[in-house]
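# What shape does this take:
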Amino acid sequence: MTLKTAEALLDAGLIGRGDADRLAPVARRYAIAISPAIAALIDRDDPADPIARQFVPTDAELNVLPEELRDPIGDDRHSPVAGIVHRHRDRVLLKLAHVCPVYCRFCFRRESVGPNGDGMLSPHELDAALAYITRHPEIWEVIVTGGDPFVLSDRRLSDISSRIGEIMHVRVLRWHTRVPVVEPSRVTDALIAAIRLKGRATYVALHANHPRELSAEARAACARIIDAGIPMLSQSVLLKGVNDDIDTLEALMRCFVAARIKPYYLHHPDLAPGTSHFRPSIEKGQALIRQLRARASGLCQPDYVLDIPGGHAKARIAPADIAGDRLSDHAGRWHAYPSANSSPAAVAAVEEAVEAAAEAPAAARIAAGGCGTTPANRADPPRNRQARR
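As a prediction, the model looks like this:
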């Protein structure tokens, strides 16, 4: 049974008797849910247990700093219709449900998820969201998120996949979920069939932050997805007291790769209300990335990123490996390299080419140089045909 109240946490031995009253204002503001699979992973004898730290509420969540924001990554600013976030030209988020099987204490959408949050998209809102995607041929990828979309029934997931599949310019469908870790029995053959976009690419991105989350049951659930032909990626958050030491971070990334899950993003925590006790410094994150590069295979390297507050997308914040005419190796040692292309004219030419590429419509770029095209079978853009006459 999922634990959803302070009293349930007390009965399960996850908090002390004196904690229930202190947690009442936290429970009124933020949702609580700990699934049986997660509760079984918590070491009740360890007051610093990294699994408990992610899911068991504390009164530290009532400490809201002035810089913390209800919508820290600016979803609302880029939401043209309910359920859609169109921050990047070629992809959108489709937020079907603001409900999760568990609630992370550091969640960046903590003000909008849960029983008192924004709920599910209504049928009318879903129609409008899919109509928006249909009207925008530049949308190449749809990222289904929430909340956790896997809380929906197989029937609803199948219906959504089918309807997205009718939009021919969408080539990639990506699902973001914690379910294989927090409720592995939910990953059935029926669910896997429901989420697949037939004839196009389907991905599942798994959120996990500690190697103990990748239990035997979780790994088996992921294997069912991967063996069905759906690649998996990982998303993790760098959390103080959970994975902000190199041994844990390295073990997590190795566990992902061993489970055939490609490390994708390592997020620096967002400025969500009441989460400052989870945020390490960026400098510490960068030092960990350097150590990870020195210790682990390239397969184990995630992209260390931070969502710029206000809706300005992600910044890559890993330490730079180039400074002028010097390059850094995996151990952080610097080496000279002749920088033949660093003249102001060369830099300006590169910037001009980048700007021109960004201005070209995505649909035109794909048509001009899509997968499987060759000079012999690719139609020349009109301006090139004119130039050859």
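
# quick one, strands of the protein?
Counting by DSSP state E, residue ranges of the strands within the chain are 84-88, 91-97, 141-146, 172-177, 201-207, 232-237, 261-267, 303-307, 314-316, 322-323, 326-328, 334-336.

# of all those, which lies closest to Ala287?
Closest to Ala287 of the strands of the chain, according to Cβ to Cβ: strand 303-307, at 10.9 Å. C-beta: built from backbone N, CA, C; applies to glycine.

# Could I get the buried residue list for stretch 281-297?
285-286, 288-293, 295-296 (16 or more other Cβ atoms under 10 Å).

# so where's the stretch 51-200 of the chain shaky on pLDDT?
Filtered on pLDDT under 70, the stretch 51-200 of the chain yields no residues whatsoever.

# how does it look with 80?
Along the stretch 51-200 of the chain, the model assigns pLDDT under 80 to residues 116-117.

# That one: helices as residue ranges?
123-135, 154-165, 179-182, 189-195 (DSSP state H, counting those that start in this stretch).

# Ranking these by mean neighbour count, which comes first?
Most buried of these by mean neighbour count (mean count of other Cβ atoms under 10 Å) is helix 179-182; its value is a mean of 27.

# Contacts for that one next, please.
With contact meaning Cβ atoms under 8 Å, 6 or more residues apart in numbering, helix 179-182 is reached by 35, 37-38, 101-102, 148, 150-151, 186-187, 204, 206-208, 213-215, 218, 221-222, 225.

# let's see it at 7 Å
35, 37-38, 101-102, 148, 150, 186-187, 206, 208, 213, 218, 221-222, 225 (Cβ atoms under 7 Å, 6 or more residues apart in numbering).

# repeat for stretch 36-47
By Cβ under 7 Å, 6+ apart, stretch 36-47 touches 1-3, 12-14, 49, 51-52, 55, 102, 182-184, 212-213, 215, 217.

# Also stretch 187-200?
If you take Cβ under 7 Å, 6+ apart as the criterion, stretch 187-200 is touched by 150, 154, 157-158, 161, 164-165, 171-173, 175, 179-180, 202, 221, 224-225, 228, 230.

# taking the mean pLDDT, what do you get for stretch 270-290?
Per-residue pLDDT values over stretch 270-290 give a mean of 97.

# Relative to the whole chain's centre, how far out is it?
From the chain centre to the centre of stretch 270-290 is a distance of 16 Å (Cα atoms, centre = their mean, to the nearest Å).

# Just the C-alphas of that stretch, formatted as PDB.
Listed in PDB are the C-alpha atoms of stretch 270-290, where the atom choice follows Å, rounded to 0.1, in the frame of the first residue of the first chain:
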ATOM      1  CA  ASP A 270      16.200  23.700  -9.800                       C
ATOM      2  CA  LEU A 271      15.100  26.600  -7.600                       C
ATOM      3  CA  ALA A 272      11.900  24.900  -6.500                       C
ATOM      4  CA  PRO A 273      10.400  26.200  -3.200                       C
ATOM      5  CA  GLY A 274      11.700  24.500  -0.100                       C
ATOM      6  CA  THR A 275      14.500  22.500  -1.700                       C
ATOM      7  CA  SER A 276      17.700  24.400  -0.900                       C
ATOM      8  CA  HIS A 277      18.800  21.600   1.400                       C
ATOM      9  CA  PHE A 278      19.200  19.400  -1.700                       C
ATOM     10  CA  ARG A 279      21.300  21.800  -3.700                       C
ATOM     11  CA  PRO A 280      25.100  21.300  -3.800                       C
ATOM     12  CA  SER A 281      27.200  24.100  -5.300                       C
ATOM     13  CA  ILE A 282      27.800  24.100  -9.100                       C
ATOM     14  CA  GLU A 283      31.500  24.000  -8.300                       C
ATOM     15  CA  LYS A 284      31.100  20.700  -6.500                       C
ATOM     16  CA  GLY A 285      29.100  19.300  -9.400                       C
ATOM     17  CA  GLN A 286      31.800  20.300 -11.800                       C
ATOM     18  CA  ALA A 287      34.400  18.700  -9.600                       C
ATOM     19  CA  LEU A 288      32.400  15.500  -9.600                       C
ATOM     20  CA  ILE A 289      32.100  15.500 -13.400                       C
ATOM     21  CA  ARG A 290      35.800  15.800 -13.700                       C
END
